[in-house]
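> Can you look at this prediction? I've put the sequence above it.
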Amino acid sequence: MINNQDKIAVVFGVRNESSIAFHVALKLHQSGCKVVLNYVAETRDEVLFLLESNGMSAEYAMEVDVRDESAIKNFLEKIYNGLGSIDYILHGVAFGSQDVMCYSLPGSTQPAPSYIDIPFEDLMDSFNISAYSLLRICRAAESMMAKNASVLTLTYNASQRVFPAYAGMAINKAALENIMLYLASYFRKSGIRVNAVSAGLVMTTSSGGINGVRKLRKIGKATAPLGNVSAENVADTALYYFSDLSLKVTGNIHFVDGGFNIMGIGIDED
């Protein structure tokens, strides 16, 4: 087992127990980390319940809107002043409206919004939360991170391939990956590493609300050599990046998708 005894980890983006970010937080806690979560108004009760029910302290948990740099800085300063330098940061934050992601709701007779009609203002808000927030968090945290700290973000293969029901969010993931690469280069001066995990389609609360997501899971099962993945599979990989095992790994996009990304077509073995 990876030993992260007394390391300080900050996890952004836990919504509920199905969130990939929550499973990463749980793995960090089990490895010995002192884990701190943020929340937003609508997730406060759920996040605090998850902390309490899983033996994690809620002392430093705070409401933080990742669009607000001063709120991020106040949050991180509270952690730094109370616990010490921050070793690990997970950026698991993403948001896209129905008009940005261009999907229809399950049971709806209305057609999905069109990609060509994505509203600029909606897309920019989605970009602000889903991509630029990584840069904002790193800027706020820079002076408070430990030597050899690790920053990890969560991306998706739609940054490189077309998934019609992901649409505008794919723009954000492409931007997020580019921000990650440039941060990896920027932090060469301090030895901080910045990487991304590209997860396969995981059944979270957010993905479950997209019409056709179960069909995509069936396609993934047939296409990926190792089949579909779970949030726990992704968290296991994240733990590698949140350990000394990855001290010389930075600027990497690590696929955890059962091999889906290597395939051109699905293979029916029946």
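Yep, that arrived.

> List the contacts of the residue sitting nearest the centre point of the chain.
Geometric centre of the chain, nearest residue: residue 92, 2.4 Å, by CA atoms, centre = their mean. Residues in contact with residue 92 (CB atoms under 8 Å, 6 or more residues apart in numbering) are 11, 12, 13, 14, 19, 20, 21, 24, 153, 154. For the C-beta atoms, the positions are set from N, CA and C on the backbone; glycine is no exception.

> can we see that at 6 Å?
Neighbour list for residue 92: 12, 13, 21, 154 [criterion: CB atoms under 6 Å, 6 or more residues apart in numbering].

> Show me the shaky parts of the chain.
Confidence mapping of the chain against pLDDT under 70 gives the ranges 204-213, 268-270.

> Do a quick rundown of the helices in it.
Using DSSP state H, the helices found in the chain span residues 20-30, 44-53, 69-83, 98-101, 120-127, 133-141, 167-186, 205-208, 213-223, 231-241.

> Pick the most buried one from the ones you listed.
Highest mean neighbour count among the helices of the chain (mean count of other CB atoms under 10 Å): helix 20-30, with a mean of 24.

> Which elements pack onto it?
Applying 3 or more CB pairs under 6 Å, 6 or more residues apart in numbering; DSSP states H and E, one finds that helix 20-30 makes contact with strand 8-12, strand 34-39, helix 231-241.

> got the angle between the second one and helix 133-141?
The one in question is strand 34-39. Orientation check (axes from the mean of the first three to the mean of the last three CA atoms, to 10 degrees): strand 34-39 against helix 133-141 gives 130 degrees.

> so residue 250 sits right up against residue 184, yeah?
Yes - Residue 250 lies in contact with residue 184 (CB atoms under 6 Å); the separation is 4.3 Å.

> can I get the helices and strands packed on helix 20-30 in TSV with distance to residue 2?
Shown next, in TSV, are the helices and strands packed on helix 20-30 (distance: least, CB to CB, whole Å):
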stretch	distance to residue 2
strand 8-12	12
strand 34-39	14
helix 231-241	6
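
> for the helices of the chain, which one sits closest to residue 256?
Of all the helices of the chain, it is helix 231-241 that lies closest to residue 256, at 4.8 Å by CB to CB.

> any idea how far residue 58 is from residue 52?
The gap separating residue 52 from residue 58 is 6 Å, by CB to CB, to the nearest Å.

> typo on my end, it should be residue 136
In terms of CB to CB, residue 136 sits 24 Å off from residue 58.

> Check residue 201 too.
Per CB to CB, residue 201 is found 31 Å from residue 58.

> Have a look at those two and say which one is more surrounded.
Taking other CB atoms under 10 Å, residue 201 and residue 58 do not tie; residue 201 has more neighbours (24 against 15).

> wait, isn't residue 123 in contact with residue 168?
Yes - counting by CB under 6 Å, residue 123 touches residue 168, with 5.2 Å between them.

> gap between the closest residue to residue 184 other than its chain neighbours and residue 196?
In space, and not counting its chain neighbours, residue 184 is closest to residue 251: 3.5 Å by CB to CB, 6 or more residues apart in numbering. Going from residue 251 to residue 196 by CB to CB gives 9 Å.

> more crowded one of the two?
The neighbour comparison of residue 251 against residue 196 (other CB under 10 Å) goes to residue 196, with 27 against 17.

> so that one bridges to which residues?
Counting by DSSP bridges, residue 196 is bridged to residue 153, residue 253.

> separation between it and residue 262?
17 Å.

> now residue 247
Noted for residue 247: a distance of 27 Å to residue 262, by CB to CB.

> and if you look at residue 239?
For residue 239 relative to residue 262 (CB to CB), the value is 23 Å.
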